[in-house]
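Visitor: Sequence plus the predicted model coming up.
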Amino acid sequence: MLEVLKSTVKPLLLDEKVLEAAYSIYLTAPRTNAPAISLRQLSRATGKSPLNCRNAIVEANSLGRFPDCELHP
């Protein structure tokens, strides 16, 4: 029961500000198998640390809420 609750609530806790900015960068990146996203650029755009940005993207990707991409410092 707890696992069902976690799987329902976890997507609601994703950092939408980071994911929206990351998706904008993703769309402007050159088309490859996994477009690159600069964590430094994302951090400047959102005011969050590069680690928080990375974690938000990785978590969303693992939940199927963000496309595959490469993350660069």
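Guide: Everything's here; your move.

Visitor: Could I get the pLDDT score of R31?
Guide: At R31, the model reports a pLDDT of 88.

Visitor: Which secondary structure state does it sit in?
Guide: Under DSSP: H, G, I helix; E, B strand; the rest coil, R31 falls in the coil class.

Visitor: how far away is it from L71?
Guide: Distance, R31 to L71, using C-beta to C-beta, to the nearest Å: 17 Å. (Each C-beta comes from the backbone N, C-alpha and C, glycine too.)

Visitor: Those two: which has the busier surroundings?
Guide: Shown here are R31 and L71; by other C-beta atoms under 10 Å, L71 has more neighbours (17 against 6).

Visitor: so what's that one bridging to?
Guide: With DSSP bridges as the criterion, L71 is bridged to I37.

Visitor: how about it, what does it touch?
Guide: Contact analysis of L71 by C-beta atoms under 8 Å, 6 or more residues apart in numbering lists A36, I37, L39, R54, I57, V58.

Visitor: And for the third one, the neighbour number?
Guide: I take that to be L39. The burial count for L39: 20, using other C-beta under 10 Å.

Visitor: pLDDT at the residue nearest the centre of the chain, what is it?
Guide: For the chain, the residue nearest the mean C-alpha position is I57 (2.0 Å; C-alpha atoms, centre = their mean). Predicted confidence (pLDDT) for I57: 97.

Visitor: so which strand or helix has it?
Guide: Per DSSP states H and E, I57 falls inside helix 50-62.

Visitor: low-confidence ranges in this protein?
Guide: 1-12 (pLDDT under 70).

Visitor: 50 instead, please
Guide: Scanning the chain for pLDDT under 50 picks out 5, 9, 11.

Visitor: on that earlier part again, just checking, the residue nearest to the centre of the chain touches F66?
Guide: Yes. At 5.7 Å, I57 counts as touching F66 under the criterion of C-beta atoms under 8 Å.

Visitor: Which residues are in contact with each of those two?
Guide: L19, A22.

Visitor: any idea how far K17 lies from S43?
Guide: Using C-beta to C-beta, K17 is found at 12 Å from S43.

Visitor: neighbour count winner among those two?
Guide: For K17 versus S43, the count of surrounding residues by other C-beta under 10 Å is larger for S43: 19 against 14.
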